[in-house]
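K.L.:
Just a sequence and a predicted model for now, questions to come.
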Amino acid sequence: MTHKATRDVVLRVMPLLERLAVRSIDRARLLQYLSARAGADWGALEVVADEEAAEPALGATARVLTFRDRESGVEHPIRYPASLDDALEPLVLEEYKRLATDRPLSLMAEPLFRHFFAAGFCDRCRWRGAEHDQVHRECRFAGRPVNFEPEE
């Protein structure tokens with residue numbers, strides 16, 4: 001059952017990972033990092049070190065965070081993904097946790113949605129403005145522009 005649950009989480013978060021990272025190695029680093037960060041937020045892991053390595057690794061920066069499993073005590077050094085902008089990290093982490101837990105009736109945070117879709121969709125959509133809030137909520141619920149209609 002653990003394998004199925006893990007596979008389901010990866011399938012749910014894959015669109016997020018693909019928006020942030022093009023290469024497989026970058027998506028793998030991002031998934032590993034977000035999973036560890038979420039595990040720390042949920043109390044299964046704790047961050048015990050945040051250091052700089054001598055050099056960056058493929059798909060990662062030089063920053064290395066060490067996570068300790070609270071139950072077993074095993075430590076896991078994880079590189080900070082190069083594809084994750086520091087300024088977006090809190091929003092991306094919250095979106096990861098939203099998708100990983102598969103909460104019913106939840107929405108992507110508006111700032112993250114705008115980051116991904118404003119220029120290509122939202123700013124050119126006929127449903128702009130507060131009077132179309134329900135249309136915006138449907139898009140944020142889907143995690144992509146499902147109601148996009150170009151302004152004429």
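P.N.:
Done, it's in.
K.L.:
Going by C-alpha atoms from here, please, whenever you check contacts or count neighbours.
P.N.:
Fine.
K.L.:
which strands and helices sit next to the lengthiest strand in the chain?
P.N.:
Scanning the chain for the longest strand, with DSSP state E as the assignment, gives strand 60-69. Applying 3 or more C-alpha pairs under 8 Å, 6 or more residues apart in numbering; DSSP states H and E, one finds that strand 60-69 contacts helix 24-41, strand 45-52, strand 75-81.
K.L.:
most packed of those?
P.N.:
For the helices and strands packed on strand 60-69, ranked by mean neighbour count under the definition mean count of other C-alpha atoms under 10 Å, the leader is strand 75-81 at a mean of 20.
K.L.:
Just list whatever residues bridge to residue 51.
P.N.:
The residues listed as beta-bridge partners of residue 51 by DSSP bridges are residue 64.
K.L.:
how much space between it and residue 62?
P.N.:
Residue 51 sits 8 Å away from residue 62, taking C-alpha to C-alpha, to the nearest Å as the criterion.
K.L.:
same check, this time on residue 56
P.N.:
Distance from residue 56 to residue 62, counting by C-alpha to C-alpha: 4 Å.
K.L.:
same question, residue 93
P.N.:
Relative to residue 62, residue 93 is positioned 20 Å away (C-alpha to C-alpha).
K.L.:
ok, for residue 82, nearest residue in space, not its chain neighbours?
P.N.:
Beyond its immediate neighbours in the sequence, the residue positioned closest to residue 82 (C-alpha to C-alpha, 6 or more residues apart in numbering) is residue 60, lying 4.4 Å away.
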